[in-house]
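1. Task: produce atomic coordinates for the following.
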Amino acid sequence: MKSWIAFWNILKKDIKNYYLKPPNISWGIIFPLSWTLMQLIRSPGKNVLELLPGLIAMSVLFGTTSMLAVTITFERSGRSFERLLLAPISLSTMVLAKMAGTIVFGIFNAFVPVIFASFFINLSAVKWGALLPAVFLIAITSSLMGLLIAVSAEQVFEAQTFSNFFRFPMLFLCGLFIPISSLPAFLRPVSYCLPLTYGTDILKGAIIGTNTLSPALCFGLLLVFSTILFLICRYNINRKWIL
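-> So this is what the prediction gives:
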């Protein structure tokens, strides 16, 4: 019970104090929103449906990574993070509480493009049973990538710089807007080493019915990536935060 109380209070504090900070608003909200509106307005009819999987994945990616990286680096720069490390709760509870809010925010971000797209096209054929768990797993892997950044960065501007270093290449390498088959041959292996590639493939199958890979394989690999990223994060946390 005490763990759940601590979990809820950490989550509530993060939402109240950090989620409306300027870096979060600019990269986590305004950028995905403006990109979505730009793409939907300039792409009529069928093109909107083809763009929607990429817009959903991009919104989740930018929302989750921005929120977690900025939340933790704000606390570390303000010297308030040490109090959490000294609190009588497990490190896993604290990390999961930090991640939970970003995952929820990423899922919320995912449906912004869906809402806008519904004004342009009919979404009755969307396979929600595949789309919803795909969005959830993309949010988890993106949140863990944001945690990796947060562990390494000391200041907010460093966190955003590091985040953009891998976020923008992923827009072009993960099949969001450019098919992986159209990429140069030497870049394709890199694409298949990124978890967002598999999440985007599931979204494409759920929305436009053009899977490149088996959905079962993609879900399995997303779970593998989540486990590997979590273990790497725990190792880095123990090495850099626990003295």
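2. Can you say which helix or strand has Met178 in it?
-> Not Met; residue 178 is Ile. Using DSSP states H and E, Ile178 sits in no helix or strand.
3. Which residue, neighbours along the chain excluded, lies closest to it?
-> Nearest non-adjacent residue to Ile178, counting by Cβ to Cβ, 6 or more residues apart in numbering: Phe172, 5.6 Å away. Yep, even glycine has a C-beta here, placed from its N, CA and C like the rest.
4. Kindly report the same for Phe62.
-> Pro32 (4.9 Å).
5. Also Phe108?
-> Gly63 (7.6 Å).
6. So the residue nearest to Ile178: helix, strand or coil?
-> Three-state call for Phe172 (DSSP: H, G, I helix; E, B strand; the rest coil): helix.
7. same question, Thr210
-> Taking three-state DSSP, the label given to Thr210 is coil.
8. and it, how many neighbours does it have?
-> 11 (other Cβ atoms under 10 Å).
9. Report the contact partners of the residue lying closest to it once chain neighbours are set aside.
-> Closest residue in space to Thr210, ignoring its immediate chain neighbours: Lys204 at 5.2 Å, by Cβ to Cβ, 6+ apart. Counting by Cβ atoms under 8 Å, 6 or more residues apart in numbering, Lys204 makes contact with 53, 175, 210-212.
10. buried residues in the helix or strand hosting Ala100?
-> For Ala100, the host element (DSSP H and E) is helix 91-117. By neighbour count on 16 or more other Cβ atoms under 10 Å, the buried set for helix 91-117 is 93-107, 109-114, 116-117.
11. mean confidence score for the helix or strand harbouring the residue nearest to Phe62?
-> For Pro32, the host element (DSSP H and E) is helix 31-42. For helix 31-42, mean pLDDT rounds to 70.
12. Hmm, Cys218 is touching Asp201, no?
-> Yes - the pair Cys218 / Asp201 is scored as a contact, 5.3 Å apart, by Cβ atoms under 8 Å.
13. any common contacting residues for those two?
-> Asn211.
14. any idea how far Ala97 lies from Leu213?
-> 33 Å (Cβ to Cβ, to the nearest Å).
15. Oops, could you answer that again for Gly146 instead?
-> From Gly146 to Leu213 the distance is 25 Å (Cβ to Cβ).
16. give me the low-pLDDT residue ranges for this structure?
-> 1-2, 6-7, 14, 17-29, 31, 35, 39-46, 74-89, 153-159, 240-243 (pLDDT under 70).
17. that older thread, which among the contacts of Lys204 end up buried?
-> Using 16+ other Cβ under 10 Å, the buried ones in the contacts of Lys204 are 53, 175, 211.
18. and Leu144, what does it touch?
-> 99, 226, 229-230, 233.
19. how about the nearest residue to it, chain neighbours excluded?
-> Leu229 (3.8 Å).
20. so what's that neighbour up against?
-> By Cβ under 8 Å, 6+ apart, the neighbours of Leu229 are 141, 144-145, 147-148, 195.
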